[in-house]
Every structure is written in structure tokens, then in C-alpha cells.
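give the three-dimensional model of this entry:
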Amino acid sequence: MLSYIFAGMILVSLIFAAVSGNMAALSSSALDSATEAVTLLVKMCGGLCMWSGVMAIAKDAGLTEKLSRLFSPMLKKLFPDLDESSDAFSYISMNISANLLGLGNAATPLGISAMKELRKSSRDDIATDSMVTFVVMNTASIQILPTTVAVLRRSYGSTSPFDVIFCVWISSALALMVGLCVAKLGNRFLMRN
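Sure, this is the predicted structure:
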């Protein structure tokens, strides 16, 4: 579906550029944007590698297991159908740990693994309540340390890249609360019908 959307956007851009006589500007912008994207990736790479390494050290040191035990009571209420010793529960805990540290890139493989484990318990390719809850938690995650945002801000010249930390805490906490409420209410509504 996304490929159709992107293809449509490109087609519309080409049509409007041709009609308005701005094909040269479109070509120039496309090339400049591609260069800027690669430059941004290189700038972000160092910070992301460092924080991903910190997450790997935390995992090897057993910190993620401790965080998993710390989150266990809360996660048990959000995922009542999961066993605390299951792989899905472990992956969910590690995903939340990575998201708390603002490591979205490190959290992604853990989230995929958690979803694969959750999918084993679903039937007929229908998303379970746990799957929906996890997607909401992963998407609207609370970040204690917004490292990716800080790396981006630093790459654009910010002298205080973590100045946005309080805004990130408030917005991510509100997004998570609203998302979980909507997911739980939606599930109850669908269960009645």
C-alpha cells in the first residue's frame, strides 16, 4: 500500500513540476534531498551506535532482566494472557527498556521478535488484544532519555540537545495513556459486538 502512496506522490510531483515549468527545480531538490539524507544518516550513525552499544552492555550485564522484573507487575496487568516466563513477555520488556532509553532503532528488532511470539497465539491472522496493546505501547513509547532526538538536535548544531527532555516526557506519557485507553476501550467495544 505504501508503495502506491509513494508512487502517487512522485507522479503528482512530476505532473505539477511539468505543468508549472519547474522540472529543473524538482530535479535539483531531489538530488539535494538525497545528499542531505545520506549526510544525516552519517551524522546520526555515531550516536546511535554508541547508545545501541550501551543497550547491548546493559543486556549483557543483566540490566534488561532486572528491568523486565521491575516492569513485570505493570505488564502483567496490560498483558493478562501472557505467561511471565514466555519469550513474548521477555521481548516486550526489553523493547520497553530500549524505548525508555530512546533507542527506537535498538527496540525495533525486539519489537518484531515480540510480535512474532504474540502471533503464535493468535488465530486466523486476527490481532489479539495483546498484539494491539503492544503495538500501541511500542508506537507511543515513553522515553526517559530521548537519545535519537538528541542526536538529531546535535547534528543540526544544538548546544543543548537534551533541552527538550521535559516536553518528550509529557508528550510521550500522554500519547501512551491515550493510546492504551483507546485500545482497551476499542477491544471491550468489539468484544460486545
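
got the contact list for Gly179?
Remark: with contacts taken as CB atoms under 8 Å, 6 or more residues apart in numbering, Gly179 is in contact with 136-137, 139-140. Where C-beta positions appear, they are placed from N, C-alpha and C, glycine not excepted.

and if we set it to 10 Å?
Residues counted as contacts of Gly179 (CB atoms under 10 Å, 6 or more residues apart in numbering) are 132-133, 135-137, 139-141.

can you give the contact residues for whatever helix or strand Leu14 lives in?
Element membership of Leu14, judged by DSSP states H and E, is helix 2-20. Defining contact as CB under 10 Å, 6+ apart, one finds that helix 2-20 is touched by 22-27, 29-30.

give me the neighbour count for the nearest residue to Leu100 once chain neighbours are set aside.
Excluding the flanking residues, the one nearest Leu100 by CB to CB, 6 or more residues apart in numbering is Ile144, at 4.9 Å. By other CB atoms under 10 Å, the residues close to Ile144 number 13.

over to Met177?
Neighbours of Met177 using other CB under 10 Å come to 12.

quick one: the helices in this protein?
Defined through DSSP state H, the helices belonging to the chain, from first to last, are 2-20, 23-60, 63-78, 87-100, 104-119, 129-139, 147-155, 165-192.

re the thing from before, could you identify which of the contacts of Gly179 has the most neighbours?
When these are compared by neighbour count (other CB under 10 Å), Met137 ends up highest, at 23 neighbours.

in this structure it contacts Ile96, no?
Yes. Because the distance of 6.8 Å satisfies CB atoms under 10 Å, Met137 is recorded as touching Ile96.

got the phi/psi numbers for Ile144?
Backbone dihedrals for Ile144, given as degrees, to the nearest 10, come out at phi -80, psi -40.

you'd agree Ser121 is up against Asp87?
No. The pair Ser121 / Asp87 is not scored as a contact, 11.3 Å apart, by CB under 10 Å.

about what we covered before: how far is the helix holding Leu14 from where the chain is centred?
The gap between the average C-alpha position of helix 2-20 and the chain average comes to 28 Å, counting by CA atoms, centre = their mean, to the nearest Å.

buried residues, that helix. List them.
Buried residues in helix 2-20, counting neighbours by 16 or more other CB atoms under 10 Å, are found at Ala17.

quick one: that helix to helix 23-60, angle?
Our comparison of helix 2-20 with helix 23-60, counting by axes from the mean of the first three to the mean of the last three CA atoms, to 10 degrees, yields an angle of 150 degrees.

what about Phe166, how many residues close to it?
Counted with other CB under 10 Å, residues neighbouring Phe166 total 9.

from Ser113, how far out is it?
Counting by CB to CB, to the nearest Å, the separation of Phe166 from Ser113 is 32 Å.

closest one of the contacts of helix 2-20 to Phe162?
The nearest member of these to Phe162, counting by CB to CB, is Ser29 at 32.2 Å.
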